[in-house]
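Q: sharing a model that was predicted from the sequence below.
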Amino acid sequence: MSEHDSSAERRHGLFTAEPNLDDSWHDAPEPSWLIDEVAEDDLDETGRVPAYDLGPSTESFVVDLTGPSPQVHDTAYHEAVDPVEPSRHSAPAESAPEPVYAPHVYAPSEPTSPEPAPPVSAPRVPAVRAIDRTAAEIPPTFDIPPVPLGSAQNQAETLTAATILRSSKPRPQSGWRKRVLGATGGRINFGPSPADRRRADLIERARTPVVGCHRVAVISLKGGVGKTTTTAALGAMFANLRGDRVIAVDANPDRGTLIERVPRQSGATVRHLLEARDRVTRYGDVRAFTSQSPTRLEVLASDADPSASSALSEQDYRDTVDTLERFYNLILTDCGTGLLHDAMRGVLGLATSLVVVSSASLDGARSASATLDWLEAHGMEQLAKDAVVVISSVRPGGGIVDVMQLEDHFAARCRAVVTIPYDPHLEAGGVMELDELHEDTLDAYKELAAAVGEGFAVRP
């Protein structure tokens, strides 16, 4: 059999004799995957693919195009071998045996019936999208040393007001004790009364230091329960008792009335702040968009333009808070009615504490309790458990509602419950003036500020 006939038989898969292992490695049979794709005209007189010399400008070497098919090694292989591995076109070492190639025989594959596709069920679409709470993360901590106390007896830090100064007895702030102190010229001091000590404790709790920026959301499913009044009064109490900056944001997607509780000093709204947020770099810049009450509470109004094309969205609220938290320690948000509008997703996603407002009525209490049910059903159990419930008496007289039963109901579900008595100044719905409130109403808002302020010590 001639060499040309031998090559033809190999191309048709008829050559069955095994190659001589003693022959040169160039005489190994060509793999069928390459021979089947080589045209007859491309073969030389020996039936092999010719090799080419690349000329004197480079090293002269022979390229074998008939070698075995390229193999793909896994990652473990590449980590085990030397990074520079020899070319697969180079001749094998003398001690290595020549590879033996089995003939390639084509056999038609039997037709297989396609397997039936499994039934595809329609995806279940949740009724309410999960609320993202990643923004209410733990604020960054800083390596701040403790207050120096002095380890030795004679260090300067040991000289404090508590150890050196003669402390006088606290003075009474009300009642007959105060009258006796004034009548005797300060010589007889019975000290503060239990009511005075209670007020001092409330003020101290309301002044709990804030770590980072604390965001309080005032929410309710029902309108007309005193939600906006609670936001304005609580913000005014915090601004009056604390030394840091406090701002209240009207996040009502419709027309909100929070701005009507402070003297209007700016015609700007949340929308104007969002349009200029890239240029706001100082507190003086953001102050041009807010109005401030005599208690130092600042208010950012909602968009009341009836021609506005869209309401406040979730991203709008997040951008607003991102701008404000650079300049304020406390951000109170007066939310709109309901929990399913787009802005509420941002409010609940960023809130570090909640104030749930209820009226002293059956429908108001059911709506407030349903608010807690909704929070628990949507993965915010801890936020509902740490909430403070406000029972606001929006009408004069006790009526037939047992307020104590409402207090017991919410006390079993939340961290604290505060009842605000009826006050004509609150019913007017005008500018909030703390001096115009009755004494018991003022004490109730101090109790609310203390209950909310206790949450400042808990890191979000």
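A: All right, it came through fine.
Q: shaky segments in the stretch 301-450 of the chain?
A: By pLDDT under 70, the weakly predicted segments of the stretch 301-450 of the chain are 305-310, 397-399.
Q: can you give me the helices in it?
A: Assigned by DSSP state H, counting those that start in this stretch, the helices in the stretch 301-450 of the chain fall at 314-324, 342-350, 362-377, 381-385, 403-411, 424-428, 439-453.
Q: of all those helices, which one is nearest residue 156?
A: Smallest distance to residue 156 across those (C-beta to C-beta): 33.4 Å, for helix 439-453. Quick note: C-beta positions are derived from backbone N, CA and C, even for glycine.
Q: how far away is residue 231 from residue 187?
A: Applying C-beta to C-beta, to the nearest Å, the value for residue 231 to residue 187 is 46 Å.
Q: when these two are compared, which one has more neighbours?
A: A count of neighbours by other C-beta atoms under 10 Å puts residue 231 above the other of residue 231 and residue 187, at 28 against 8.
Q: next, the angle from the helix or strand containing the more buried one to helix 439-453.
A: The secondary structure element spanning residue 231 is helix 227-241 (assigned by DSSP states H and E). With axes from the mean of the first three to the mean of the last three C-alpha atoms, to 10 degrees as the criterion, the two stretches helix 227-241 and helix 439-453 enclose an angle of 80 degrees.
Q: ok, then the element right after helix 227-241?
A: Taking DSSP H and E as the definition, the helix or strand that follows helix 227-241 towards the C-terminus is strand 246-251.
Q: show me what that next one is packed against.
A: Contacts defined by 3 or more C-beta pairs under 8 Å, 6 or more residues apart in numbering; DSSP states H and E place strand 246-251 against helix 227-241, helix 270-275, strand 298-300, helix 314-324, strand 330-335.
Q: okay, these in CSV with distance to residue 347 next?
A: Supplementary listing: the helices and strands packed on strand 246-251 in CSV, determined by distance: least, C-beta to C-beta, whole Å:
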stretch, distance to residue 347
helix 227-241, 12
helix 270-275, 13
strand 298-300, 14
helix 314-324, 6
strand 330-335, 6
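Q: shaky segments in the stretch 1-150 of the chain?
A: Residues of the stretch 1-150 of the chain that meet the cut-off, pLDDT under 70, sit at 1-142, 147-150.
Q: one step back: adding mean neighbour count and distance to residue 164, write the helices of the stretch 301-450 of the chain out as TSV.
A: Conversion of the helices of the stretch 301-450 of the chain to TSV gives the following (neighbours: other C-beta atoms under 10 Å; distance: least, C-beta to C-beta, whole Å):
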stretch	mean neighbour count	distance to residue 164
helix 314-324	19	43
helix 342-350	22	46
helix 362-377	18	52
helix 381-385	16	45
helix 403-411	15	45
helix 424-428	16	46
helix 439-453	21	31
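Q: any chance of those in a markdown table, with distance to residue 182 too?
A: Output for the helices of the stretch 301-450 of the chain, formatted as a markdown table (distance: least, C-beta to C-beta, whole Å):
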| stretch | distance to residue 182 |
| --- | --- |
| helix 314-324 | 45 |
| helix 342-350 | 49 |
| helix 362-377 | 44 |
| helix 381-385 | 47 |
| helix 403-411 | 37 |
| helix 424-428 | 29 |
| helix 439-453 | 19 |
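Q: so which of those is nearest residue 163?
A: Ranking these by distance to residue 163, with C-beta to C-beta as the measure, places helix 439-453 first at 29.5 Å.
Q: tell me what the closest one is packed against?
A: Applying 3+ C-beta pairs under 8 Å, 6+ apart, one finds that helix 439-453 contacts helix 194-206, helix 227-241, strand 353-359, strand 388-392, strand 416-420.
Q: give me the angle between that helix and strand 353-359.
A: Using the same axes, to 10 degrees: helix 439-453 against strand 353-359 is 150 degrees.
Q: what's helix 439-453 in contact with?
A: Helix 439-453 is contacted from outside by 199, 201-203, 205-208, 216, 230, 233-234, 237-238, 241, 353, 355, 388, 390, 415-416, 418-421, 423, 425-426, 434, 437, using C-beta atoms under 8 Å, 6 or more residues apart in numbering.
Q: hmm, back to that, which strands and helices sit next to the helix holding residue 231?
A: With contacts defined as 3+ C-beta pairs under 8 Å, 6+ apart, the secondary structure elements packing on helix 227-241 are helix 194-206, strand 214-219, strand 246-251, strand 298-300, strand 330-335, strand 353-359, strand 388-392, helix 439-453.
Q: could you measure from residue 329 over to residue 239?
A: 11 Å.
Q: have a look at the two and say which one is more surrounded.
A: Using other C-beta under 10 Å, the more surrounded residue of residue 329 and residue 239 is residue 239, with 24 against 19.
Q: residues contacting that one?
A: Applying C-beta under 8 Å, 6+ apart, the residues contacting residue 239 are 246, 293, 295-298.
Q: most neighbours among those residues, which one is it?
A: Most crowded among the contacts of residue 239, counting by other C-beta under 10 Å, is residue 297 at 29 neighbours.
Q: domain parsing for this structure?
A: For the chain, the domain assignment from automatic domain parsing gives the residue ranges 1-104, 170-206, 211-457.
Q: pick the most deeply packed of the ones you listed.
A: domain 211-457 (a mean of 19; mean count of other C-beta atoms under 10 Å).
Q: what is the end-to-end distance of it?
A: Between the opening and closing residues of domain 211-457 we find a distance of 8 Å, counting by C-alpha to C-alpha, to the nearest Å.
Q: what's the answer for stretch 253-262, then?
A: 20 Å.
Q: that one - what's its average pLDDT?
A: Averaging pLDDT along stretch 253-262 yields 85.
Q: offset the numbering so it begins at 12, please.
A: Sure thing, new numbering starts at 12, so read that last one as stretch 264-273.
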